[in-house]
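Engineer: fold the stuff below for me.
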Amino acid sequence: MPLYTFILESEGGGLCFAHRSLRWDGFVNALCKKRSGFGLVLSIAALLCGPARADSWLPPSTHTYLSADGQWRLTVVPRGISSPLSYFEDKVAAKPKPGGEPGSVQQPLGQMEHRLQDQWEVVWTAPLVNETAPVGAMVSAQGLAVSFDNWHSVGYGGDVVVIYDRMGRKVRALALEDFLPKDYLRALPTSISSRWWGSEHKFSPDGHELILRVVVPRMGDGPDRSPSPEPIQVKLEMATGRVLPLEGLEWERALTAARAVDAERTAQEARRSEAFKAPLAAPVSTDERAWHEYLVEAFFRVDPDTDVRYPNIGVVAAGGPESGERDQQLVRKVLLAAIEDYDEADEYDGVVMLGCPDQAQLIRALAKVAVDLPPHALRRVRVYVTVTPALREAAAQALASSGAKVVALDVSAKIPQSAERLKRATKAMTGSPE
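Structural biologist: The predicted model follows:
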């Protein structure tokens, strides 16, 4: 099952953890307040999956697909869901028909029509095999249909490609594993929800074959790289769904490239695993992303509520006196977001992780922002700050009027990994029962 995470954004030279977006905010808080262990999922996700491109999905909606000659029309109506939030919550809870809305369509439907002169006549109406809706579809000039992927889960499941005959009956449903080897699959570009395996598929001129255009993995595929512009072709018989043999020089080159990417990723995962087990040291550079990653990992090593909370994170970029207003804006945003994270009935405190390569610069920003906060506004917030023990008192004094619980993250000392987290990560990787 794909793991879910949140989106980082850069603002005015600093990084902050942006889970205030409409897409994710309710999801996080609902899961955390239910003690779902979502924090644990996120803490281990970095070890299991490493960096991944964030993505977002609009709610599923009705779409119509025309054949190339304009004579056939397929309309796809998605299964009704009450909201993306309810879908995500039910998906995490492994409920059937996640996010289902009473009284709505309980299964995605397809309706095929054929144009006769100037009139469209319904040929068939039938349920589709997808859980909620396919991401795309095609119609051949012979009136056959193909659907691709699943809403919010491209490249996963046994119905990545589904062929339907002229009466709407399933010819064959295929997973990526049915036509691509495992090392090739491991090398595909991925995001939080999906494996982005291909696009712009087509039919052969006679309509007898479906030609899938599959991306060729390449070194460096990741958040900032687009898929390969040189796809390989995988052909399927429309009448049976049989995959034609993959062979030839182009396929051999693609397979070689995929194996190289797979080897690189395997080495990266080994390095991440070692880093997960090793004591955590503060960055020696001023790189903001390195500081952000440090704060995330530090939270999961030291905070008591990692199973039910995810912190609001801010990295103040190193700078001179002229950066003061920028620093204050970032710190203010992160602190205010933490205040919004709880209500008086919530038994768990809000959490903030603030870091900066320049400790004095961070304390100055805290002091300036705290002056404008109402007294005791942060009384239910733990604020971790990256300072040495010598400056811990100065950081606490800067936020004294806010009522925050200030915790110093000693940047001069390494933070050991917790035994319980190591135990859980091992079980997650091996599939061992609790």
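Engineer: distance-wise, check the nearest residue to P217 once chain neighbours are set aside relative to P181.
Structural biologist: Once flanking residues are discounted, P217 sits nearest to A187: 3.7 Å by Cβ to Cβ, 6 or more residues apart in numbering. Quick note: C-beta positions are derived from backbone N, CA and C, even for glycine. With distances taken as Cβ to Cβ, to the nearest Å, A187 is found 10 Å from P181.
Engineer: looking at the two, which is more packed in?
Structural biologist: More neighbours surround A187 than the other of A187 and P181, with 26 against 14 (other Cβ atoms under 10 Å).
Engineer: so what does the residue positioned nearest the centre of the chain have for phi and psi?
Structural biologist: The chain has I192 as the residue nearest its centroid, 2.5 Å off, counting by Cα atoms, centre = their mean. Dihedral pair for I192: phi -60, psi -40, per degrees, to the nearest 10.
Engineer: helices of the stretch 1-150 of the chain, residue ranges please.
Structural biologist: 25-33, 38-49, 84-92 (DSSP state H, counting those that start in this stretch).
Engineer: ranking these by mean pLDDT, which is last?
Structural biologist: Lowest mean pLDDT of the helices of the stretch 1-150 of the chain: helix 25-33, a mean of 36.
Engineer: how far away from the center of its chain is the lengthiest helix in the chain?
Structural biologist: Longest helix in the chain, counting residues (DSSP state H): helix 249-277. Computed by Cα atoms, centre = their mean, to the nearest Å, the chain-centroid distance of helix 249-277 equals 20 Å.
Engineer: next SSE after it?
Structural biologist: The element immediately downstream of helix 249-277 (helix or strand, assigned by DSSP states H and E) is helix 288-302.
Engineer: give the pairing partners of whichever helix or strand comes after that next one; include direction for each.
Structural biologist: Later in the chain than helix 288-302, the nearest helix or strand by DSSP H and E is strand 312-315. Paired neighbours of strand 312-315 in the sheet (DSSP bridges): strand 14-18 (antiparallel), strand 350-355 (parallel).
Engineer: which residues of the stretch 1-150 of the chain score low on pLDDT?
Structural biologist: Residues of the stretch 1-150 of the chain meeting the criterion pLDDT under 70: 1-55.
Engineer: now for the longest helix of the chain, which elements pack on it?
Structural biologist: If you count contacts as 3 or more Cβ pairs under 8 Å, 6 or more residues apart in numbering; DSSP states H and E, helix 249-277 packs onto helix 38-49, helix 182-186, strand 232-237.
Engineer: could you chop this protein up by domain?
Structural biologist: What automatic domain parsing lists as the domains of the chain is 7-54+279-408, 63-260.
Engineer: between these, which one is closest to L422.
Structural biologist: domain 7-54+279-408 (10.0 Å; Cβ to Cβ).
Engineer: for the residue nearest to the centre of the chain, give its distance to K235.
Structural biologist: I192 sits 31 Å away from K235, taking Cβ to Cβ as the criterion.
Engineer: which stretches of the stretch 101-250 of the chain form strands?
Structural biologist: Using DSSP state E, counting those that start in this stretch, the strands of the stretch 101-250 of the chain run over residues 109-116, 119-127, 136-139, 145-148, 161-164, 170-174, 202-203, 209-214, 232-237.
Engineer: check the offset of the second one from the chain's centre.
Structural biologist: Between the mean C-alpha point of strand 119-127 and the mean C-alpha point of its chain there is a distance of 37 Å (Cα atoms, centre = their mean).
Engineer: in it, what counts as buried?
Structural biologist: For strand 119-127, a neighbour-count test (16 or more other Cβ atoms under 10 Å) marks 123-124 as buried.
Engineer: CA-only coordinates of that strand in CSV, if you can.
Structural biologist: Taking Å, rounded to 0.1, in the frame of the first residue of the first chain, the C-alpha atoms of strand 119-127 are listed here in CSV:
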residue,chain,number,x,y,z
GLN,A,119,-27.5,9.6,-33.0
TRP,A,120,-25.6,8.0,-30.1
GLU,A,121,-27.0,4.5,-29.2
VAL,A,122,-26.1,2.8,-26.0
VAL,A,123,-24.3,-0.5,-26.6
TRP,A,124,-23.6,-1.5,-23.0
THR,A,125,-23.6,-0.2,-19.5
ALA,A,126,-21.6,-2.3,-17.0
PRO,A,127,-19.5,-2.0,-13.8
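Engineer: which elements pack onto that strand?
Structural biologist: Packed next to strand 119-127, using 3+ Cβ pairs under 8 Å, 6+ apart, are strand 109-116.
Engineer: note down every partner strand of the strand it packs on and its orientation.
Structural biologist: Counting by DSSP bridges, strand 109-116 is paired with strand 72-77 (antiparallel), strand 119-127 (antiparallel).
Engineer: reformat the ones you listed as a markdown table; add distance to G100.
Structural biologist: Shown next, in a markdown table, are the strands paired with strand 109-116 (distance: least, Cβ to Cβ, whole Å):
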| stretch | distance to G100 |
| --- | --- |
| strand 72-77 | 15 |
| strand 119-127 | 15 |
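Engineer: closest one to K423 among these?
Structural biologist: Going by Cβ to Cβ, the one of those nearest K423 is strand 119-127, 44.1 Å.
Engineer: follow-up on the earlier one: please identify which of the strands paired with strand 109-116 is closest to A400.
Structural biologist: strand 72-77 (58.8 Å).
Engineer: what's in contact with that closest one?
Structural biologist: With contacts defined as Cβ atoms under 8 Å, 6 or more residues apart in numbering, strand 72-77 is touched by 62-67, 105, 108-115, 120, 128, 133-134, 137, 139-141, 143, 145, 147.
Engineer: which residues in the stretch 301-434 of the chain form helices?
Structural biologist: With DSSP H, counting those that start in this stretch as the criterion, the stretch 301-434 of the chain has helices spanning 324-340, 359-371, 392-398, 419-430.
Engineer: just give me the lowest mean pLDDT stretch among the ones you listed.
Structural biologist: helix 419-430 (a mean of 80).
Engineer: buried ones in that helix?
Structural biologist: Within helix 419-430, the residues that qualify as buried by neighbour count (16+ other Cβ under 10 Å) are 421, 424-425, 428.
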